[in-house]
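Engineer: Quick check, what structure comes out for this input:
(2 chains)
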2 protein chains.
Amino acid sequence: MVKIHKLKEFLEQNKTAKLKQIITKNQDQEVAMLIDQLDNKNKVKLYLLIPTKRASEVLWEVSQYSRKIILRSLKNKYIASVIEKTESDDSADILGEVSERAAKKIIEQLPEEKKEAIVPLTKYEEDTAGSLMKSELVSISDKVTVQKAIEALKKEDLVNINYVYIVDQTDKLKGVVTLNELITASPNQYVSSIMKKRLITLDANMDTGDVAEIFRREDIVALPVVDQQGRLLGRITVDDILDLVHEEATEDMFKFAGVNPNESAYDPLFDSIKKRLPWLILNLGTAFLAALTVSMFTDTLQAVVILAAFMPIVAGLGGNSGTQTLTLIVRGLALNQLSPASYRKIVLKEISVGIIHGMILGSIMGTIATIWQGNVMIGLTIFMAMTISITLAGFIATSVPMLLKKLKIDPAIASSVFITATTDIIGFFSFLGIATFFLQYLV
Amino acid sequence: MVKIHKLKEFLEQNKTAKLKQIITKNQDQEVAMLIDQLDNKNKVKLYLLIPTKRASEVLWEVSQYSRKIILRSLKNKYIASVIEKTESDDSADILGEVSERAAKKIIEQLPEEKKEAIVPLTKYEEDTAGSLMKSELVSISDKVTVQKAIEALKKEDLVNINYVYIVDQTDKLKGVVTLNELITASPNQYVSSIMKKRLITLDANMDTGDVAEIFRREDIVALPVVDQQGRLLGRITVDDILDLVHEEATEDMFKFAGVNPNESAYDPLFDSIKKRLPWLILNLGTAFLAALTVSMFTDTLQAVVILAAFMPIVAGLGGNSGTQTLTLIVRGLALNQLSPASYRKIVLKEISVGIIHGMILGSIMGTIATIWQGNVMIGLTIFMAMTISITLAGFIATSVPMLLKKLKIDPAIASSVFITATTDIIGFFSFLGIATFFLQYLV
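Structural biologist: Presented below is the predicted three-dimensional model:
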């Protein structure tokens, strides 16, 4: 790949031929990576050199920040020319990224046919099946023969067609035929006699996560989307599902760590700070609660100052064991692998895991502390505090996400910051509380 | 869905008809979820009631623990009967899960045709393109006409065929034709004249992550796998890629939190403990290092015991901001979004983010501490310690995963435990070190 400082040189010196050559030689993702590394002016400059038929793909590969910068600088006419060469679902997505006013102006410039394909798609909410849907498909009447169907297919100028959808005169979806079946059937048969009638259809308002789950389960490359009356609206293809699963995986991980899913490592400094700082300030608040807990026990700490050294062990192990449980539960809930009927059993199991982990880890650290400090009561205090805090961590890390799920709140979003804060407070409170109770044996 | 205690009753009372009805009514994933919740004996009992053509799908949906239990109990003959109804790639995967001896015996019982399809697939390592590949495909000679190709296709009893691969007499892959193109072409044309010759082919030893990336980039539903000489070995289909991306997303998250990617919330108690405890013991070791750091400063803590209350704030914020950076970098590296040429720039940016975050968060907490404790030097100590530890956290969280990537070690696996331990130690050391330096102003 071209060195970024070379690329900048070419851009400064307007070496268009060189730049076009770089674009041709690199794949969409690589071109996007180069754009992400450039400053705002050069992002747009390089983007405008991309051939329009590749422009839409690259636009989705760049970071959200770059996309914003590019779309803001492009002329509506140019965006319209990109959309003309783009499938309807991606076109609708592009229109969703510009202002409503700009979207209207862009639509005005599109040819009638394209307008008809895209406008209905723009009305669907993000995260619904409708937002993944494209209008391009092959549908034929249930009254025609295989021969006629093949002729109709020949007229269409579509790539990546795998299914032909069969509709009645009111556009209601009646069945589906694979190209394979069309080829294999005898030409005079009616399509209605070879079509599959037991169909899996998607509702346009269905959640995208559920759509992805159906694709995964059915091992299928495209599914039709219908309205309440069963009329064919469009289709969703597996390549969009692959992108979706890819993005959702990143999103889940990012949410867990308090990172904005749209952040890229190449975003400018202050953009990153604006995205990350609010989460850290929230963390500062919860950490302050932990500090307040500790401050309740300054007399105890004054008397046995070595307790301060063990504080991070008790809190840390509670946090780490809680995070293990939390990850398992949050992911299980996200993938619909946990049946609500089994919640109670799972909570009980995680409490048991916590008790056993707590006792084992508490024994190890208790023994080390006893030998180190020459005082068995310090060891015992650590043992008890670790058992309590790791057990409670297991309980909280299981029940909180389950509760959030029942309340229809995304378990991934609130859990991580909440868990570490809670395990810190529980850890400090149990450890210093027990130490205060046993204080006469510790000094 | 059926209540689990009802299901247990039916199993105990051998109500086979009822049980079969439950299996019919529920989808593969739901049946798998039920199996995961049963004890070992009943797992097998229910599994054996699944119709053989669904048996392989359900086997891949159950947890790794259930799969082990089931495969261990099944007769080789039964496994062979399941494999007969399963595509070659999944069959090879099943054989990979049983002992080598059992695999041999199962293969012996297969019909010759099935044997030929599966045996070559069993030799590929996990995580290679070969392990995802299936033998079922349609290939025809480059010497035939479209008409002949369609006739050949009619003879094949394969579903989900989207491409026909064109090979020469030595089985070398020459081109590919979509069914769509076959239908559209005139019957007397030679397939070699309509086939696409610029092909994307996969090497059987390619990493599965790279394969997934190519599928995502190319928006394609199947790709051919060839050997070093360009001979067609098999094909990989997008449904397997969808499963793969799905699993890898979970794996990355689990590795990050120190959870075994194969663990399920339904695993038995001691199985979970066996999987999670080693990671926690490793954590105990790193937490002990943090405790040792604190123990170096007992004199300081003795003199100004309230410092103990601020310790978790300094360490916690270092850990949280480090985790944000780490997640962004590890994920960016996993998705090949960060070019090695830009490493230095990214490190510098994350250090800058750290300095600014540290100064902002340090000012907030420093001000609070000053007001709370009525001592500006305590506030100043916190400000300095937070700035240092958050900056260093940014540096370490960026450079460590980049270094691991350069050493070809998976950045996800080592980073998380390492980061929290390091930020704890840095946080405690800088905070208590600065406090010791300023001690005369703090008391």
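
Engineer: can you list the weak-confidence ranges in chain A?
Structural biologist: Across chain A, the ranges flagged by pLDDT under 70 are A:157-159, A:413-415.

Engineer: redo that, cut-off 80
Structural biologist: A:1-2, A:155-161, A:249, A:412-417 (pLDDT under 80).

Engineer: count of residues packed around the residue in chain A positioned nearest to chain B?
Structural biologist: The minimum distance from chain A to chain B, using CB to the nearest CB, falls at A:A249 (2.8 Å). (C-beta placed from N, C-alpha, C; glycine too.) Neighbour count of A:A249, defined by other CB atoms under 10 Å in any protein chain shown: 23.

Engineer: quick one: contacts for it?
Structural biologist: When contacts are counted by CB atoms under 8 Å, 6 or more residues apart in numbering or on different chains, A:A249 touches B:245-246, B:248-250, B:252-253.

Engineer: same thing but at 6 Å, please
Structural biologist: A:A249 sits next to B:A249 when contact means CB atoms under 6 Å, 6 or more residues apart in numbering or on different chains.

Engineer: any idea how far it is from B:V330?
Structural biologist: Applying CB to CB, to the nearest Å, the value for A:A249 to B:V330 is 13 Å.

Engineer: Equivalent analysis for A:E151, please.
Structural biologist: Distance from A:E151 to B:V330, counting by CB to CB: 53 Å.

Engineer: who's more crowded, those two?
Structural biologist: Set A:E151 next to B:V330 and count neighbours by other CB under 10 Å: B:V330 wins out with 27 against 14.

Engineer: does the closest residue to A:Q27 other than its chain neighbours sit in a helix or strand, and which one?
Structural biologist: Leaving aside its sequence neighbours, A:Q27 sits nearest to B:R217 (CB to CB, 6 or more residues apart in numbering or on different chains; 6.4 Å). Using DSSP states H and E, B:R217 sits within helix B:208-218.

Engineer: Ok, A:G433 next?
Structural biologist: helix A:411-437.

Engineer: can you state the direction angle for that helix and helix B:411-437?
Structural biologist: Between helix A:411-437 and helix B:411-437, the angle comes out at 40 degrees (axes from the mean of the first three to the mean of the last three CA atoms, to 10 degrees).

Engineer: so what does helix A:411-437 touch, helix or strand wise?
Structural biologist: Other elements packing on helix A:411-437 under the criterion 3 or more CB pairs under 6 Å, 6 or more residues apart in numbering or on different chains; DSSP states H and E are helix A:238-257, helix A:269-295, helix A:298-303, helix A:307-334, helix A:376-406.

Engineer: which of the residues in it are buried?
Structural biologist: A:411-412, A:415-436 (16 or more other CB atoms under 10 Å in any protein chain shown).

Engineer: try stretch A:47-65
Structural biologist: Quick answer for stretch A:47-65 (16+ other CB under 10 Å): A:47, A:50, A:54-63, A:65.

Engineer: do stretch A:205-222 as well
Structural biologist: Neighbour count says stretch A:205-222 has A:206, A:208, A:211-217, A:219-222 buried, by 16+ other CB under 10 Å.

Engineer: ok, A:S416 - contacts?
Structural biologist: Applying CB under 6 Å, 6+ apart to A:S416 gives the contacts A:F256.

Engineer: near chain B, which residues of the stretch 151-300 of chain A show up?
Structural biologist: Within reach of chain B by CB under 6 Å from any CB of the partner chain, the stretch 151-300 of chain A has these residues: A:153-154, A:161-162, A:179-180, A:183-184, A:216, A:219, A:221, A:238-239, A:242, A:245-246, A:249-250, A:253, A:257-259, A:265, A:269, A:272-273, A:276, A:280, A:283-284, A:287, A:290-291, A:294-295, A:298.

Engineer: Pull the number of nearby residues for A:S99.
Structural biologist: Neighbour tally, A:S99, other CB under 10 Å: 10.

Engineer: and it, backbone torsions?
Structural biologist: Note on A:S99: backbone dihedrals following degrees, to the nearest 10 are phi -70, psi 160.

Engineer: Can you give me the distance of it to A:K115?
Structural biologist: Applying CB to CB to A:S99 and A:K115 gives a distance of 19 Å.

Engineer: same question, A:I83
Structural biologist: Distance from A:I83 to A:K115, by CB to CB: 10 Å.

Engineer: who's more crowded, those two?
Structural biologist: Comparing A:I83 with A:K115 by other CB under 10 Å, the one with more neighbours is A:I83, at 24 against 13.

Engineer: Tell me which helix or strand comes right after the helix or strand that contains that one.
Structural biologist: Per DSSP H and E, A:I83 falls inside helix A:76-84. Toward the C-terminal end, the helix or strand that comes next after helix A:76-84 (DSSP H and E) is helix A:88-97.

Engineer: Now that following helix - C-alpha only, CSV.
Structural biologist: Only the C-alpha atoms of helix A:88-97 are listed here, as CSV (Å, rounded to 0.1, in the frame of the first residue of the first chain):
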residue,chain,number,x,y,z
SER,A,88,-31.6,0.9,-3.6
ASP,A,89,-30.9,-0.1,0.0
ASP,A,90,-27.5,1.6,0.1
SER,A,91,-28.9,4.6,-1.7
ALA,A,92,-31.6,5.0,1.0
ASP,A,93,-28.8,4.7,3.6
ILE,A,94,-26.9,7.5,2.0
LEU,A,95,-30.0,9.7,2.0
GLY,A,96,-30.4,8.9,5.7
GLU,A,97,-27.0,10.4,6.4
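
Engineer: wait, does that helix contact chain B?
Structural biologist: No: using CB under 6 Å from any CB, helix A:88-97 never reaches chain B; the gap is at least 10.5 Å.

Engineer: For that helix, name the packing helices and strands.
Structural biologist: Packing contacts for helix A:88-97, counted by 3+ CB pairs under 6 Å, 6+ apart, involve helix A:112-118.

Engineer: let's see 7 Å
Structural biologist: helix A:52-61, helix A:76-84, helix A:112-118 (3 or more CB pairs under 7 Å, 6 or more residues apart in numbering or on different chains; DSSP states H and E).

Engineer: Which of the ones you listed sits closest to B:A334?
Structural biologist: B:A334 lies closest to helix A:52-61 among the helices and strands packed on helix A:88-97, at 15.9 Å (CB to CB).

Engineer: Just want the angle from the closest one to helix A:238-257.
Structural biologist: Helix A:52-61 runs at 30 degrees relative to helix A:238-257, counting by the same axes, to 10 degrees.

Engineer: Quick check: phi and psi on A:V305?
Structural biologist: phi -70, psi -20.

Engineer: State whether it and B:T298 are indeed in contact, as I suppose.
Structural biologist: Yes: assessed by CB atoms under 7 Å, A:V305 is found in contact with B:T298 at 4.9 Å.
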